[in-house]
Each structure stands twice: as C-alpha cells, then as structure tokens.
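Chemist: Any chance you could fold what I've pasted below:
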Amino acid sequence: MKITPHAPFGADVSDIDLRGLTPDDARALVDALAEHHVIRIRNQDLSRAEYDRFGRHFGQPIDFFFTKDLDPDFPALITISNSPDHDPGRRDGASFWHTDGSYEYVPGAATMLYAIEAPRSGGETIFTDLTAAYEALPQATRDRIDGLKARHMLVGGKRGPDETPIKLDPDAEDRDGGVRARKRAAERPVHPLVITHPVSGRRSLYAVAGTPFAIEGLDDDEGQALLDELKTHAVQPRFNRAIKAEAGDILIWDNLATLHRATPIEYSAEEGKRRRLLRISTQGLPPAYADRPPLFVAPEGHASIKLS
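Modeler: Below is the predicted model of the structure:
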C-alpha cells in the first residue's frame, strides 16, 4: 500500500486491492483517514458485497431515510446519480457546506463514494479542514468556544446565497422515506462546537455549517453571530480542497474533521457525462478502535449504535 499526501490535506492510496484487505491494512486506512481527513483509494474493482464489507471497517452503516435510493440487496449502499430521471427535488441537494448526519444524535463518522461512472468534466466534492481551521483561530476564540454546544436540525442551518440545501417532499410517505425524514427534522440534537478526534486525538471544530441553528446558553442573535463567524472562518479557501472520484476510485472523508459540499453537475445520460456513485456512511467508532469511549451517545429513548 502506498499513501501519497497532498497539500493542504488529503491523500491518495494506491497499490492495494481491497478484495484482499487484511486487518492491518484496514487499520492503516482508518489511521490514514484520521491523519489526512480525506483519502482517495485508486483503481478498485469491487462487487457490491465486497464494497459493503469494506465500508464496515469504518463504523456501523447508517440507516438512511431516502429508501428508494438504497440498494435492495445491500441497504447500506445508496446510489447517487446525475441521471435526468433522478428526483428533481434532491438534485444538487448537497451543494451547501455541511457535515453528514450532524442532525443525528449519533452523527456520521465517515462517508465514502465508490465511483462506478464519472464524467469527463465536473463532479468534484469540495472539502474544508476543520482541524486546521480550529488551530488557526485566535486563542481568545478557542477559549470562548471550548465547552459550548450547538443545537442541530435537518436542513436547519443558515445558508449562503450560493448554497442549495436538500428539499424534503412534504407529501412523501414510505415511498421516499418521508416519515423518517420528518421525524429526524423534528429532532434537535446537541453537539459540541469543538471535539477531540477519537482516533487522532486532535482538536477540531465540529459541524459549524449546514445544520446548527442555535448555541446553548446564548441568545438567538449572539448564537447566530457566533455560528456565522465560525463558518466564515472555516470555509476560507486556505482550508479548502476539491477532490474528484474517478471511475474505480473510493473517496472517503472524515466527518469529524471536515465540512464538505457537492458541486452542481449537469444531469445527463450521455456518454462521458454520466456520474454514478455508491455511497456508504457510517456511525460510531471503527472496529479497530471499538475499545475507545464513543464520542457521541444517543440519549435514552433513542437507539444507540452497536458495532456488528
């Protein structure tokens, strides 16, 4: 296995066939993700079953609520496509700064995209490094925010003029996971503004865009002003990197150390323009670090994550 870091963060992984992954290889990939925040594993050829098994090295797969996007045989796999037949209400719905699953009591830990088809042009994901952003804050700001907690809700955070959040269909029922989507939208989990990564041990801002709408202990105006300040700081270009998954690549990002946003893409069935990805998102600790205390624990009355 060869790991090639890139500036300002992220790394490519080559010379490995995930079909023959060993426990030591799996731990090395988990460690690489914690160190580099985003890794792109090049030139893979996995079946859906092999990809499903691989994803579980990074945590417990999330029960995603848009059920018609799920693979019927492997429900941890979610198809992302730019087919013109794709639901218009969710097209480019991730084109805003966010952290996956931060509206959950036990948020997303890792997200991965296995590219089956990739367009010749476009299809990048833009990431921002929340560890570097935290370390670049003035000490006075760090002292102020350490210990503060934000309230989150699905599609609840403030958006910039160029950000397009996912839209929930108010008429959707079981056909679209609408019942579960609305249940999640009604919840208001609380998460720290600053976390210590359970694998790397580094301090980082956490989920300061996309879903936070208030800060506990601060009035509405003061809380929103602080969230605006932290988001503006975190998404500066100096902390950004755009990365594309080419066909055969698996792009993985650490939701505990990044924000990300999709780039809008043309919806087309033409050769050279099609984009088809298989997504897996996980919660909880990777099995290699299952002996460590969990970073997030669901409150009583909500299902806790148990690693399989």
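Chemist: now the helices: where do they sit in the stretch 51-200 of the chain?
Modeler: Along the stretch 51-200 of the chain, counting by DSSP state H, counting those that start in this stretch, helices occupy 130-135, 139-145, 178-185.
Chemist: Just name whatever secondary elements the shortest one is in contact with.
Modeler: For helix 130-135, the contact count by 3 or more CB pairs under 8 Å, 6 or more residues apart in numbering; DSSP states H and E identifies strand 203-205, helix 220-234 as packing neighbours. Every C-beta, even on glycine, is put in place using the N, C-alpha and C of the backbone.
Chemist: For it, what does the pLDDT average out to?
Modeler: Averaged over helix 130-135, pLDDT sits at 98.
Chemist: now that helix, how far from the chain's geometric center?
Modeler: Distance of helix 130-135 from the chain centroid (CA atoms, centre = their mean, to the nearest Å) equals 17 Å.
Chemist: Name the residues of it that come out as buried.
Modeler: 130, 131, 132, 133, 134 (16 or more other CB atoms under 10 Å).
Chemist: May I have the beta-bridge partners of the residue nearest to the first one when sequence neighbours are not counted?
Modeler: Right, residue 130. Ranked by CB to CB, 6 or more residues apart in numbering and with sequence neighbours excluded, the top spatial neighbour of residue 130 is residue 205, at 4.2 Å. In this entry, residue 205 is beta-bridged to residue 194, by DSSP bridges.
Chemist: same check, this time on residue 14
Modeler: Per DSSP bridges, the residues bridged to residue 14 are residue 2.
Chemist: please renumber so the chain begins at 382
Modeler: Okay, using 382 as the starting number, the last item reads as residue 395.
Chemist: contacting residues around it?
Modeler: 382, 383, 385, 422, 423, 424 (CB atoms under 8 Å, 6 or more residues apart in numbering).
Chemist: Tabulate those (JSON lines), appending neighbour count and pLDDT.
Modeler: As requested, those are exported to JSON lines (neighbours: other CB atoms under 10 Å; pLDDT from 0 to 100):
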{"residue": "382", "neighbour count": "15", "pLDDT": "96"}
{"residue": "383", "neighbour count": "10", "pLDDT": "97"}
{"residue": "385", "neighbour count": "13", "pLDDT": "98"}
{"residue": "422", "neighbour count": "24", "pLDDT": "98"}
{"residue": "423", "neighbour count": "16", "pLDDT": "98"}
{"residue": "424", "neighbour count": "14", "pLDDT": "97"}
